[in-house]
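Engineer: have a look at this prediction, sequence included:
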Amino acid sequence: MSAKKKNLNIGMIGYGFMGRAHSNAWRKVTNFFEVPLQPVLKAACARDAAKVQAFADQWGYASVENDWRKLVARRDIDAIDICVPNDLHLEIAVAAAKAGKMILCEKPLARNTAEGVKMCKAVEQAGVLNTVWYNYRRVPAVTLAKNIVAAGKLGKIFHYRANFLQDWTISPDLPQGGTGLWRLDVKAAGSGVTGDLLAHCIDTAIWINGPITSVSAMTETFIKERKHTLTGKVEKVGIDDACAFLARFANGALAIFESTRYARGHKAEYTFEINGEKASIAWNLHDLHRLQYFDHADESIVRGWRNIHVSDGDQPYMNKWWVPGLQIGYEHSFVHQVADFLAAAAKGENASPTFREALETTKICDAVLASAASGRWVTIA
Ligand code: SOE
């Protein structure tokens, strides 16, 4: 550990899929990035004492807590990393902000806008650094897409198209609720694919193409009842299993978004395509290190879609990794988020997206669900 760097003591709440992805990022970041703060895995926290101890041992956390309130109250913790189901984000974030901790919250920010507004107020009143883990922004090919659009290479944007397709909830025997399945329980998750998957698509879209002004959506819950893991009873399913919506951007572009957990054969297929006056770009999470690019300015006899292998040192983040031609993967997007967070935190600044920025995505998710319920276009407030 560097003697010169100031430590940043991390308190991790949760040990599931995201607890692992974030812990990996905290552990790896200093090996590859010259960050000004040294993250220290100080404590992992979860209710299940045996499981959280095993997690702490595996990932190198120095201590464990079984009550997040105790973790938040600890004076030796600087930053709280929230990796628990969505229904706990608000309470933990508000308490952590009051305790003066920096907060990194897993996406989506909250179950709905009302909760998100309270979270924004809490971090802003306390003046604590805050960010939300929308990790796909920091896949180098996605960051490159953002940079290409920002540089004006596409010209006026006409269309934005995004999908996030999965197939893991097709079986009616799958219960809802509890560890691993809280995403099917509307009380814990807030919504289904809209908050879980379309939130990613929306975050990337508004980051690259600016504000969305109105939406018209349809949703469906294909399996209406499922056994609840916690109650043992068959209960109504409150989440959206699938959602498709049309949108208008403030810059005049039209958009189509679709997400489902019922697209047999698709495991985590997040794709987007942007069509502009001068050029188009397309990206697919299943090939995440590639960016497809079509430039109308190319000489006509060689004009066509370029398949850019994003691994060169002058492409985003790539000079920190291997040598040109050698690609990186999913977990690196989290490492990049941590690297950006630490660089900003050392200056007392926030890394994007802040809670306030991520609230925009939550507002759009709420508008999408409201539109699906009413059958009408909804304007984003
Ligand atoms: C759901 O299966 C899920 O894990 C989301 O919760 C993540 O945010 C997404 O990145 C992958 O799919």
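Structural biologist: That came in fine, so what should we check first? Note that the coordinates shown come from a computational prediction; the quantities given were computed from them, not determined experimentally.
Engineer: going by C-alpha atoms from here, please, whenever you check contacts or count neighbours.
Structural biologist: OK.
Engineer: show me the helices in the stretch 51-200 of the chain, by range?
Structural biologist: 68-73, 89-98, 113-126, 140-150, 186-189, 193, 199-209 (DSSP state H, counting those that start in this stretch).
Engineer: which residues touch the second one?
Structural biologist: The list of residues contacting helix 89-98 from outside it, by C-alpha atoms under 8 Å, 6 or more residues apart in numbering, reads 68-69, 72, 80, 82, 102-103, 105, 109-110, 115-116, 118-119, 122-123, 126, 128.
Engineer: quick check: Phe257 touching Tyr270?
Structural biologist: No: the pair Phe257 / Tyr270 is not scored as a contact, 10.7 Å apart, by C-alpha atoms under 8 Å.
Engineer: now the buried members of the contacts of helix 89-98.
Structural biologist: When the contacts of helix 89-98 are checked for burial by 16 or more other C-alpha atoms under 10 Å, the buried set is 68, 72, 80, 82, 102-103, 105, 109-110, 115-116, 118-119, 122-123, 126, 128.
Engineer: picking that back up, ok, Phe257 and Tyr270, which is more surrounded?
Structural biologist: Tyr270 (24 against 21; other C-alpha atoms under 10 Å).
Engineer: pick out the residue closest to the middle of this structure.
Structural biologist: Central residue of the chain (C-alpha atoms, centre = their mean): Tyr134, 2.5 Å from the mean position.
Engineer: any idea of the pLDDT on the closest residue to it other than its chain neighbours?
Structural biologist: Nearest in space to Tyr134, with sequence neighbours left out and distances taken as C-alpha to C-alpha, 6 or more residues apart in numbering, is Lys107 at 6.1 Å. For Lys107, the model assigns a pLDDT of 98.
Engineer: can you map out the strands along the stretch 151-300 of the chain?
Structural biologist: Listed in chain order, the strands of the stretch 151-300 of the chain (DSSP state E, counting those that start in this stretch) span residues 157-165, 212-220, 225-227, 234-236, 242-249, 254-260, 269-276, 279-284, 290-295.
Engineer: okay, those strands in TSV with distance to Trp59 and mean pLDDT next?
Structural biologist: Listed next are those as TSV, based on distance: least, C-alpha to C-alpha, whole Å; pLDDT from 0 to 100:
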stretch	distance to Trp59	mean pLDDT
strand 157-165	30	99
strand 212-220	39	98
strand 225-227	34	98
strand 234-236	37	98
strand 242-249	35	99
strand 254-260	33	99
strand 269-276	29	99
strand 279-284	30	99
strand 290-295	31	98
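Engineer: so can I have a markdown table of these showing distance to Ala49?
Structural biologist: Listed next are those as a markdown table, based on distance: least, C-alpha to C-alpha, whole Å:
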| stretch | distance to Ala49 |
| --- | --- |
| strand 157-165 | 35 |
| strand 212-220 | 38 |
| strand 225-227 | 27 |
| strand 234-236 | 29 |
| strand 242-249 | 36 |
| strand 254-260 | 35 |
| strand 269-276 | 35 |
| strand 279-284 | 39 |
| strand 290-295 | 42 |
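Engineer: quick one, longest helix in this protein?
Structural biologist: helix 355-374 (DSSP state H).
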